[in-house]
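Q: Fold the following and give me the result.
(chains A and B)
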There are 2 protein chains.
Amino acid sequence: MTTFSLSYTPCFKTSINPIQSAFKIHGGKSGRVTMYATPVSGVNGTAIKERTMIPTKKQFEDPFRQGVIILDGVGYQQTVVVRSYEVGPDKTVTPQSILNLLQETALNHVWMSGLLGDGFGATHGMMKNNLIWVVTRMQVQVDQYPIWGEILEIDTWVGASGKNGMRRDWEIRSHTTGIVFARATSTWVMMNQTTRRLSKMPDEVRAEIEPWFIHKQAITEESPEKIDKLDDNAKYINSGLQAKRSDLDMNHHVNNVKYVGWMLEAIPDECLENYQLSNIILEYRRECGSSDVVQSLCEPEELGIIKNDKDINYLDRCSIGVGGAGLLNCLMKEGTIRFTHVLQVKEESKCQEIVRGKTTWKKRTNHYSYCG
Amino acid sequence: MTTFSLSYTPCFKTSINPIQSAFKIHGGKSGRVTMYATPVSGVNGTAIKERTMIPTKKQFEDPFRQGVIILDGVGYQQTVVVRSYEVGPDKTVTPQSILNLLQETALNHVWMSGLLGDGFGATHGMMKNNLIWVVTRMQVQVDQYPIWGEILEIDTWVGASGKNGMRRDWEIRSHTTGIVFARATSTWVMMNQTTRRLSKMPDEVRAEIEPWFIHKQAITEESPEKIDKLDDNAKYINSGLQAKRSDLDMNHHVNNVKYVGWMLEAIPDECLENYQLSNIILEYRRECGSSDVVQSLCEPEELGIIKNDKDINYLDRCSIGVGGAGLLNCLMKEGTIRFTHVLQVKEESKCQEIVRGKTTWKKRTNHYSYCG
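A: Next up is the predicted model:
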């Protein structure tokens, strides 16, 4: 039933460079096992369990996180108020904050399930089999941006993705009006923590999580869109990006949300001023360490705009003697603009891709000024 | 009664370079009025009020933010659960997340008061007088770091600071045990939004906020510690720091929390691995724009360690032929280490200080490994 079957199934047995997690709750560099081996300063495992009260059986309500079980016992809903530091200069929630909230609600869903072994999202069965979750694809579609102080309801649920994967979806709504602000979907697989190879889902783990699977999809898509590979000829390149210590997460890896930040940094100013991100697709390829120096490349998509004669004529006019920026200016006069992205690490002569991405931008309905 | 009387009172009348806000909820570059002039993309003022339901009179309870009025009607308490993206590699809350939560609860306190005009923390009387709040000093003392998933209670309240200032204090406790994790205090003054000069507190504003003032202090201090000026001879220098677009806040200015990040980036690795920040003092001097290239300087404090004969002998031994790093290594063998900080912008030949700071670091009780 799933739309997001895994395209790299052959890797399950032979992967040498497995797709590694970019999501905060997973990861670890090849050959370095970090998941449950990092003692917290002054806090041991027992103390963590006491202090954080991780439940050992399914909970239906969490008054502190303002979470409840929904969707006939298998989904999770959390009510959150947009905080002052989660919004950008235009007082709307930043894409990064949305990703943070998706991660947070996903983890709290697992927390409620009673399946959480250690707090990283892995179930008891996964821990027994030395498995961790890795995210391979993520899509977030924003129809309208919530604003500072707005009350949100975030629903999340899971489903099957192929034989060995899991889909996790989200819907973000206004608590007051019920209007849907955003929808998101993601695909996850399991990886052996030691060998770093993708793993089939063991029966014991399937038995744990399958009762939670439903067929509901937040985003209905014919088939996952392929993201082209960019090379050094991309029109916009931000080089020399490197994680700061504060960008590292619990696994000492660069956080997923940082990747999105780096991707968006490559978008030219004139686009950001007039357009708002309406869709983002991320394909995770390998993780990024703290010493990696990253390049963020992006390229405005031309094909997307050539839909009808008017557009073709328009592009024809644009293409007379203009380079990247000229083309962008032309494209921007249309209502929607799309970019293809890549984050890559240059190692000696070859480039290692970390994330491929695609962003769609819609014209702001009420242009805000950069007067600050 | 206040410990934190303002040291730059003369500025109230003659300031040319007034201390400008570094706090997210304030600011604006000289001559550029941004505070209430920035329309939100697609959201007008009325829509904001409808969507965020800012109260026009005092509220005693906010079920969505999990806030209640305490301290005989003048203080505010909010219950929060530490989120997965608010912790660092050691699974404890980052100093930046603590500052975010302080800002958030302060704003929610004003929200509950019914005094909030526009959502930026300014009261109706302040708006009428074209005044904004600016923070001039902030101190955060952390006894123990909360961990991921821990339930916190954050209390905040305000008091007088001299004739024209306001003190705001916080206490962060474990909801489960009541143990105090952290205490914080800050000093605020008012500034005319147009002239950028510090202002006396108008009677009308005093009438609004004075009923909320109490004498309680989160941190008892004899007198505010003076922070020395550092120059280019500082032992640790991080140069070329520049705000990314995602670091800009609602006022299009570099966020306060980013400053702390920059300060901490200058701390040498060997200290961060073995020590945990236990106290931070920030003195705000001028704000930083998005085009400013910032230097973060820091210097381990030697005097602080010479308290008794043992220490003097110890330092004597250290000082034989060692430079900065050698001295640091010696100091680090003691239980506490202190640094003096400055963030500055070089403009032509002279340096403009943005923030002066002081940090104190305590040895980690349970060293965590950087194995990720």
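Q: Walk me through the domains of chain A.
A: Annotated domains of chain A cover A:1-223, A:225-372 [automatic domain parsing].
Q: rank these by pLDDT, which is bottom?
A: If the domains of chain A are sorted by mean pLDDT, domain A:225-372 sits at the bottom with a mean of 77.
Q: who's residue A:339 bridged to?
A: Per DSSP bridges, the residues bridged to residue A:339 are residue A:300, residue A:359.
Q: residue contacts, it?
A: Applying Cβ atoms under 8 Å, 6 or more residues apart in numbering or on different chains, we find residue A:339 in contact with A:267, A:298, A:299, A:300, A:301, A:358, A:359, A:361. The way it works is simple: take the backbone N, C-alpha and C, and place the C-beta from them, glycine included.
Q: and with 7 Å instead?
A: Neighbour list for residue A:339: A:267, A:298, A:299, A:300, A:301, A:359 [criterion: Cβ atoms under 7 Å, 6 or more residues apart in numbering or on different chains].
Q: Touching, residue A:286 and residue A:351? I think so.
A: No: using Cβ atoms under 7 Å, residue A:286 is not in contact with residue A:351; the gap is 11.2 Å.
Q: More neighbours: which of those two?
A: residue A:286 (20 against 17; other Cβ atoms under 10 Å in any protein chain shown).
Q: from what I can see residue A:342 touches residue A:356, true?
A: Yes: using Cβ under 7 Å, residue A:342 is in contact with residue A:356, at 5.3 Å.
Q: Send me stretch A:134-153 as PDB with only the CA atoms.
A: In PDB, the C-alpha atoms belonging to stretch A:134-153 read as follows (Å, rounded to 0.1, in the frame of the first residue of the first chain):
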ATOM      1  CA  VAL A 134      17.600   5.600  10.000                       C
ATOM      2  CA  VAL A 135      15.600   8.100   8.000                       C
ATOM      3  CA  THR A 136      16.000   7.900   4.200                       C
ATOM      4  CA  ARG A 137      13.400  10.400   2.900                       C
ATOM      5  CA  MET A 138      11.400  13.300   4.300                       C
ATOM      6  CA  GLN A 139       8.900  15.600   2.800                       C
ATOM      7  CA  VAL A 140       7.200  18.600   4.400                       C
ATOM      8  CA  GLN A 141       4.400  20.500   2.700                       C
ATOM      9  CA  VAL A 142       3.500  23.800   4.200                       C
ATOM     10  CA  ASP A 143       0.200  25.400   3.100                       C
ATOM     11  CA  GLN A 144       0.300  28.200   5.600                       C
ATOM     12  CA  TYR A 145       2.900  29.100   8.300                       C
ATOM     13  CA  PRO A 146       1.800  29.200  11.900                       C
ATOM     14  CA  ILE A 147       2.700  32.400  13.700                       C
ATOM     15  CA  TRP A 148       4.200  33.200  17.100                       C
ATOM     16  CA  GLY A 149       1.800  32.400  19.900                       C
ATOM     17  CA  GLU A 150      -0.500  30.200  17.800                       C
ATOM     18  CA  ILE A 151      -1.800  27.000  19.200                       C
ATOM     19  CA  LEU A 152      -1.100  24.000  17.100                       C
ATOM     20  CA  GLU A 153      -2.300  20.400  17.100                       C
END
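Q: the strands in the stretch 151-300 of chain A, which residues?
A: A:151-161, A:165-174, A:180-192, A:198-199, A:236-242, A:275-284, A:293-300 (DSSP state E, counting those that start in this stretch).
Q: Could you name the helices and strands sitting against the last one?
A: Right, strand A:293-300. Contacts defined by 3 or more Cβ pairs under 7 Å, 6 or more residues apart in numbering or on different chains; DSSP states H and E place strand A:293-300 against strand A:236-242, helix A:256-265, helix A:324-332, strand A:336-347.
Q: ok, 8 Å please
A: Helices and strands touching strand A:293-300, by 3 or more Cβ pairs under 8 Å, 6 or more residues apart in numbering or on different chains; DSSP states H and E, are strand A:236-242, helix A:256-265, helix A:324-332, strand A:336-347, strand A:350-363.
Q: and if you look at the fourth one?
A: Counting contacts by 3+ Cβ pairs under 8 Å, 6+ apart, strand A:198-199 packs against helix A:11-14, strand A:180-192.
Q: right, so the ones you listed: which one is the most enclosed?
A: Neighbour counts (mean count of other Cβ atoms under 10 Å in any protein chain shown) averaged over each of the helices and strands packed on strand A:198-199 peak at strand A:180-192, with a mean of 23.
Q: Within its sheet, name the partner strands of that strand and how each one runs.
A: Strand pairing (DSSP bridges) places strand A:180-192 next to strand A:131-142 (antiparallel), strand A:165-174 (antiparallel), strand A:198-199 (antiparallel).
Q: ok, residue A:158 - contacts?
A: Residue A:158 makes contact with A:74, A:109, A:166, A:167, A:168, A:169, A:209, A:212, A:213, A:214 under the criterion Cβ under 8 Å, 6+ apart.
Q: need those residues in CSV with neighbour count, can you?
A: Converted to CSV, the contacts of residue A:158 look like this (neighbours: other Cβ atoms under 10 Å in any protein chain shown):
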residue, neighbour count
A:74, 17
A:109, 27
A:166, 24
A:167, 26
A:168, 23
A:169, 22
A:209, 18
A:212, 20
A:213, 18
A:214, 15
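Q: Specify which member of the residues you listed is nearest to chain B.
A: Distance to chain B, by Cβ to the nearest Cβ, is smallest for residue A:109 among the contacts of residue A:158, at 12.0 Å.
Q: Please settle this for me: is that closest one part of a helix?
A: Yes: under DSSP: H, G, I helix; E, B strand; the rest coil, residue A:109 sits within a helix.
Q: can I assume it is in contact with residue A:74?
A: No: judged on Cβ atoms under 8 Å, residue A:109 makes no contact with residue A:74 at a distance of 9.4 Å.
Q: what's the overlap in contacts for the two?
A: Common neighbours of residue A:109 and residue A:74 (criterion: Cβ under 8 Å, 6+ apart): A:157, A:158.
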